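Enquirer: pasting a predicted model and its sequence here:
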Amino acid sequence: MTLLALYDRALVGRADAPALTFEDDEGALHHDTFGTLDARSTQCAAELVARGVRAGDRLALWLANSPAFIDLWLACVKLGVIVVPINVLYRERELSHIVHDAAPVAVVTTVAQASLLPAGTTWWDVGTLRAAAAAHDTARDALPAVRCTADTPAALVYTSGTTGASKGAILTHGNFAANGLQLVQQWELTQGDRYLCPLPLFHVHGLGNGLHCWLFSGCHCTLVSRFAHDRAAALFARHRPTVLFGVPTMYVRLLDLPADAARAIGSAARLFVCGSAPLPAAVLDAFAERFGHTILERYGMTETLMNTANPFRGVRRAGTVGMPMPLTALRVVDDAGRDVPDGTSGEVWVRGPSVCAGYWQRPDATAQAFTDGWFRTGDIGVRDAQGYLTLEGRRSDLIISAGFNIYPREVEELLLTLPGVREAAVIGVPDAVRGEVPVAYIVSDDAAVPATLETAVRSQLASFKVPRAFVRVDALPRTALGKVQRHLLPPYTP
């Protein structure tokens, strides 16, 4: 069974049901039924065929959230075309790498963005393409016959590239199907849900989880081009979502809402999910108090989609990312690849049907990432006796100071509990004596706050974990999904 067969439970089985409401940046609303999405995506598929696109080709989508992105995704699934979603925040250097690596037949984007593409890139204006597609009177069965299997690539999703050139993870029809079906079942999503999607569809959080949960369950989706915190109260009041998938930054912003707005949002909703970056325990507690819901934390990656989640029905443990998904096996191992006892830190390895098929045209990276069928995540974690996993950081973020291991997240979590600290990131900097020492970058409205932090940290952590310096910055560099880009922090000068 391919993705299209699973989509058809909504596209065909619920053709007349309200499917999508898109709220643009001006607040205007655009409505579609599932049948409209099916017909319009078939027209887009016909236009792509007319432009020479064939099964197995790559087509890049460099687009913000909009119905056009969804139309083109569905069109590509119908044709067996591999989608290459590109972060709308990317610029010349990042674009050049992806375009040359994936070699798409074209990049679908806007006229305003096209000037940033590498010279010689074939690009199609999304507005012109959709206008041309609307002229086609094509039934779905008139499209070229395509035979997809679970192993057929559906997308090349490029990693964030924080430790080198980004790699294209090959995500198959089977990967997306297994992931989406598990989530619908685990989180009890139904046709009666109202899903709010502020997540970018170019990212696996919005695409792999959000879009597939929506289409597989046949619920209603409200799509917004981006999360604007100053419009959040009106957005929730207008659409009254029952389900939100978000990232920590969104939940931090929602805590700024008045108490009555928070109560109203909480009374309409049944599930808040957070992923893509660590959620501070203080935010989880504050959200539960104000909104009446314990955020469900989970853990996934571009290469694996969802790995673990706190239970929908059961205890959600703050600071943990829960237990493995039903079809996912998980190990915590030492440097030699041997399983470590519960309560001991190690690298997280996973195996299951949601794990990617490897990296596009990178057999070396694929071989390095897999050991005997297990995907080596590069994340350091510890599992407790009940099976809950706590992530301690990326292996690449680990700071080794005079032989002692320091996990930045532990120090960051403490800093975020201290008065005046809004954001925090800890990195290792070279030291002639200790090899590396931790340095903390702090976002605070009060310039005097950094000078007060050392004493507070020293009273609660081992001395070797205390940052050598506390550097105040206006903002932490982040990806579109809120992950801190440590390599872009300003250099530390003693």
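Expert: Perfect, thanks for sending it.

Enquirer: end-to-end on stretch 414-429?
Expert: In terms of Cα to Cα, to the nearest Å, the two terminal residues of stretch 414-429 are separated by 20 Å.

Enquirer: neighbouring contacts of that stretch?
Expert: When contacts are defined by Cβ atoms under 8 Å, 6 or more residues apart in numbering, stretch 414-429 is touched by residues 280, 282, 397, 399-401, 406, 408, 411-412, 436-446, 449, 452-453, 456-457, 460-461, 467-468, 475-476, 484, 486, 489, 492. For the C-beta atoms, the positions are set from N, CA and C on the backbone; glycine is no exception.

Enquirer: swap the cut-off to 6 Å and go again
Expert: Under the criterion Cβ atoms under 6 Å, 6 or more residues apart in numbering, residues 280, 282, 399, 408, 411-412, 436, 438-444, 446, 449, 456, 460, 476, 484, 486, 492 lie in contact with stretch 414-429.

Enquirer: test my guess that P67 contacts D24.
Expert: No - contact between P67 and D24 fails when scored by Cβ atoms under 6 Å: they sit 10.0 Å apart.

Enquirer: more neighbours, the two?
Expert: Set side by side, P67 and D24 give different neighbour counts by other Cβ atoms under 10 Å, the larger being at P67 (19 against 14).

Enquirer: and for that one, nearest residue in space, chain neighbours not counted?
Expert: Here the nearest residue to P67 in space, its sequence neighbours aside, is F22; by Cβ to Cβ, 6 or more residues apart in numbering that works out to 5.4 Å.

Enquirer: in the sheet, who's paired with that neighbour?
Expert: With beta bridges defined as DSSP bridges, F22 has these partners: H30, L223.

Enquirer: now do the same contact list for it.
Expert: With contacts taken as Cβ under 6 Å, 6+ apart, F22 has the following neighbours: 30, 67, 223.

Enquirer: which among those gets closest to D431?
Expert: Closest to D431 out of the contacts of F22 is L223 (48.1 Å), distances taken as Cβ to Cβ.

Enquirer: neighbours of the closest one, just the number please.
Expert: For L223, the number of neighbouring residues by other Cβ under 10 Å comes to 26.

Enquirer: give me the average confidence score over stretch 413-426.
Expert: Stretch 413-426 shows a mean pLDDT of 91 in the predicted model.

Enquirer: endpoints of that stretch, how far apart?
Expert: Looking at stretch 413-426, the gap from its leading to its trailing residue is 10 Å under the measure Cα to Cα.

Enquirer: how about it: buried residues?
Expert: With burial defined by 16 or more other Cβ atoms under 10 Å, the residues of stretch 413-426 counted as buried are 413-416, 418, 421, 423-426.

Enquirer: what residue lies at the spatial centre of the protein?
Expert: With distances taken as Cα atoms, centre = their mean, the residue of the chain nearest its centroid is H205 (3.2 Å).

Enquirer: now that residue: how far from G266?
Expert: Summarising the geometry, the distance separating H205 from G266, computed by Cβ to Cβ, to the nearest Å, is 22 Å.

Enquirer: for L476, helix, strand, or coil?
Expert: Under the three-state scheme (DSSP: H, G, I helix; E, B strand; the rest coil), the conformation of L476 reads as coil.

Enquirer: confidence score at it?
Expert: Taken from the predicted model, the pLDDT recorded for L476 is 93.

Enquirer: roughly how far does it sit from T493?
Expert: As for L476, its distance to T493 is 18 Å (criterion: Cβ to Cβ).

Enquirer: tell me the domain boundaries of this structure?
Expert: 3-226, 296-394, 398-488 (automatic domain parsing).

Enquirer: can you put those domains in JSON lines and add distance to R240?
Expert: Conversion of these to JSON lines gives the following (distance: least, Cβ to Cβ, whole Å):
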{"stretch": "domain 3-226", "distance to R240": "6"}
{"stretch": "domain 296-394", "distance to R240": "19"}
{"stretch": "domain 398-488", "distance to R240": "25"}
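
Enquirer: for L488, what are its contacts?
Expert: Applying Cβ under 6 Å, 6+ apart, we find L488 in contact with P477.

Enquirer: can you read off the pLDDT for it?
Expert: Confidence per residue is given as pLDDT, and for L488 that number is 86.

Enquirer: and what of F69?
Expert: 98.

Enquirer: now swap in I400 and tell me
Expert: If you check I400, the pLDDT there is 73.

Enquirer: is it in a bridge, and if so with what?
Expert: Per DSSP bridges, residues listed as beta-bridge partners of I400: N405.

Enquirer: contacting residues for the closest residue to V473 other than its chain neighbours?
Expert: If the residues on either side of it in the chain are set aside, V473 comes closest to Y441, at 5.2 Å by Cβ to Cβ, 6+ apart. Residues near Y441 by Cβ under 6 Å, 6+ apart: 425, 471, 473, 489.

Enquirer: what of F34?
Expert: Contact partners of F34, counting by Cβ under 6 Å, 6+ apart, are 10-11, 14-15, 17, 19.

Enquirer: coming back round to it: the contacts of Y441: which two are farthest apart?
Expert: Maximum pairwise distance in the contacts of Y441, criterion Cβ to Cβ, is 9.6 Å, between A425 and V471.

Enquirer: picking up where we left off before, looking at L476 and T493, which is more packed in?
Expert: More neighbours sit around L476 than around the other of L476 and T493, counting by other Cβ under 10 Å; the figures are 19 against 7.

Enquirer: got the phi and psi for that one?
Expert: For L476, the backbone dihedrals are phi -90, psi 140 (criterion: degrees, to the nearest 10).

Enquirer: relative to L63, how far out is it?
Expert: When distance is defined by Cβ to Cβ, L476 is 26 Å away from L63.

Enquirer: now do A178
Expert: Distance from A178 to L63, counting by Cβ to Cβ: 26 Å.

Enquirer: could you do D57 as well?
Expert: In this structure, D57 lies at 18 Å from L63, with Cβ to Cβ as the measure.

Enquirer: the two - which one has more neighbours?
Expert: With neighbours defined as other Cβ under 10 Å, D57 and L63 compare such that L63 has more, 22 against 17.

Enquirer: wait, what's in contact with the more buried one?
Expert: If you count contacts by Cβ under 6 Å, 6+ apart, L63 has them with F69.

Enquirer: can you count the residues close to H31?
Expert: 12.

Enquirer: excluding its backbone neighbours, what's nearest it?
Expert: If the residues on either side of it in the chain are set aside, H31 comes closest to T21, at 5.4 Å by Cβ to Cβ, 6+ apart.

Enquirer: that neighbour: how many residues sit nearby?
Expert: For T21, the number of neighbouring residues by other Cβ under 10 Å comes to 19.

Enquirer: can you check the pLDDT for it?
Expert: Model confidence at T21 (pLDDT) stands at 97.

Enquirer: surely it meets C221?
Expert: No - with contact defined as Cβ under 6 Å, T21 and C221 do not form a contacting pair (7.4 Å).

Enquirer: any shared contact partners between these two?
Expert: With contacts taken as Cβ under 6 Å, 6+ apart, not a single residue reaches both T21 and C221.

Enquirer: go through the contacts of stretch 414-429 and flag which are in strands.
Expert: Members of the contacts of stretch 414-429 lying in strands (criterion: DSSP state E): 399, 436, 438-443.

Enquirer: widest-spaced pair of these?
Expert: Taking Cβ to Cβ as the measure, the ones in strands among the contacts of stretch 414-429 reach their widest spread between E436 and V443, a distance of 22.9 Å.

Enquirer: mind putting the ones in strands among the contacts of stretch 414-429 in TSV, distance to D38 included?
Expert: Conversion of the ones in strands among the contacts of stretch 414-429 to TSV gives the following (distance: Cβ to Cβ, whole Å):
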residue	distance to D38
I399	52
E436	55
P438	53
V439	54
A440	52
Y441	48
I442	50
V443	46
